[in-house]
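Engineer: fold the following for me, if possible:
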Amino acid sequence: MRVALVTENFLPKLDGVTRTLAMLLEYLERHGHQAVVIGPEGSPRRYAGARVFGARGIPLPFYPELRFCLPEPVLETRVCLFHPDVIHVVEPVILGAAGITWGGRLGVPVVSSYHTNLAAYCSYFNLGMFMEPMWLYRRYLHNQCARTLCPSPSTRQELTNRGFTQVEVWSRGVDTQLFTPERQSLAWRRRICGYEEERRSIVLYVGRLSHEKNLMALVSAYTAVETSSTHLVVVGDGPARADLEHALAGHNATFTGYLSGEALAEAYASADVFAFPSVTETFGQVVLEAMASHLPVVAFDSEGIRDQVRDGQTGFLAPLGDRRGFTRALSILVDAPELRQSIGAEAYALAIRRRWETSMDSLLDVYRRVTERPRSRSRAA
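Structural biologist: Down below sits the predicted model:
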């Protein structure tokens, strides 16, 4: 099969979307399929055997790591010359919207994938007036596609309630060779806590440091439970880092910046509790990685997260907006090593069943189903 990916977000940026696309391209190469990527300027020229063509873009003022990518005519030519069987538009906004148009002109079915609740982000950047227009625009784009794929059942319900059609769940997996409790490192803990590491409870956060991640809820909870035997490790970077460092000045907290690969896996496996305050996720890849590393999770009962964390079994879910509940849950796990072990074991047992190979098999099945439809129906879609 020949797959054209059109995405406004790609490597070297590190987040759940780019990790998922990297896994997809590796899967396609491994199984003998061919792919081409139309992505943002600055992406690697090749990845997993796929040519990558960059589109010039304009950084979003409130989210400079993302760009409005410009759909230049040469990019449509690249897609046309590739002769795709299916076009997969990832998080369509501007470049993805063009990908939908290209599919219509070529008579090629288009599949879209929904990864980020951009409408919810508007409220965190004082752009609340754009929430409903964002939903309308995204629904308009996705409903032109043969399928819209989202990562979790709760997100599918949200999209269906908002009038999105042909919505299916494309589940996610975790690399259990990389993210495993076997990577626990005494040396890592000593670098963080010194030689008192055995007495410390290390609380870990992994993700972008931006205000839409609700990070002040984490600061509030951690500073409320902090003792001389606790330590917070914040992995990631972003525009909110300076505010977080200021809020945590004088506390037992370490900022590592971005980590990836074995360094990230070591951080997960060597911590004690994973605290994730975001309420704008559609899945939360880092939550699954933490669970695969034997970590109990403290989070809010929000879209995407509730599909992974079983309250009281693999972690604790506080009601949405209940910061006190989030703090109580964190306090319970910080103070109870045996409970952390038992809940972490349940989290691990659940996470290791989530395989990337199974996830990609299901996506390829979607590709096959939409390409088996008569082309005239694809044009109509």
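Engineer: correct me, but residue 12 touches residue 41?
Structural biologist: No: Residue 12 lies out of contact with residue 41 (Cβ atoms under 8 Å); the separation is 11.8 Å. C-betas here are computed from N, CA, C, even on glycine.
Engineer: neighbour count for those two, which is higher?
Structural biologist: Between residue 12 and residue 41, counted using other Cβ atoms under 10 Å, residue 41 has the larger neighbour count: 12 against 9.
Engineer: quick one: residues contacting the nearest residue to that one once chain neighbours are set aside.
Structural biologist: Closest residue to residue 41 apart from its sequence neighbours, by Cβ to Cβ, 6 or more residues apart in numbering: residue 54 at 3.9 Å. Counting by Cβ atoms under 8 Å, 6 or more residues apart in numbering, residue 54 makes contact with 39-43.
Engineer: tell me the spacing between residue 54 and residue 38.
Structural biologist: Taking Cβ to Cβ, to the nearest Å as the measure, residue 54 and residue 38 are separated by 8 Å.
Engineer: next one: residue 325
Structural biologist: Noted for residue 325: a distance of 44 Å to residue 38, by Cβ to Cβ.
Engineer: ranges for the strands of the stretch 151-300 of the chain?
Structural biologist: Assigned by DSSP state E, counting those that start in this stretch, the strands in the stretch 151-300 of the chain fall at 167-169, 201-206, 230-235, 253-257, 273-276, 297-300.
Engineer: what sits up against the fifth one?
Structural biologist: With Cβ under 8 Å, 6+ apart as the test, strand 273-276 has contacts from 201-207, 218, 221-222, 268, 284, 286-287, 290-291, 295-299, 305, 315, 330, 333-334, 340.
Engineer: ok so, going back, nearest to residue 195, out of the strands of the stretch 151-300 of the chain?
Structural biologist: Closest to residue 195 of those is strand 230-235 (Cβ to Cβ; 13.3 Å).
Engineer: what is the orientation angle of that closest one with strand 201-206?
Structural biologist: Angle of strand 230-235 versus strand 201-206, following axes from the mean of the first three to the mean of the last three Cα atoms, to 10 degrees, is 20 degrees.
Engineer: check the average confidence over strand 230-235, would you?
Structural biologist: Strand 230-235 shows a mean pLDDT of 97.
Engineer: now the angle from it to strand 253-257?
Structural biologist: Put simply, strand 230-235 runs at 20 degrees to strand 253-257, going by the same axes, to 10 degrees.
Engineer: who are the packing partners of strand 230-235?
Structural biologist: Counting contacts by 3 or more Cβ pairs under 8 Å, 6 or more residues apart in numbering; DSSP states H and E, strand 230-235 packs against helix 186-193, strand 201-206, strand 253-257, helix 261-270.
Engineer: partner strands of that strand, with direction?
Structural biologist: The pairing partners recorded for strand 230-235 under DSSP bridges are strand 201-206 (parallel), strand 253-257 (parallel).
Engineer: who's in contact with that strand?
Structural biologist: Residues outside strand 230-235 that contact it (Cβ under 8 Å, 6+ apart) are 192-193, 200-207, 209, 222, 226, 244, 248, 251-259, 264, 267, 271, 334.
Engineer: which of the three states applies to residue 353?
Structural biologist: Taking DSSP: H, G, I helix; E, B strand; the rest coil as the rule, one finds residue 353 in the coil state.
Engineer: shouldn't residue 111 be within a helix?
Structural biologist: No: going by three-state DSSP, the assignment for residue 111 is strand, not a helix.
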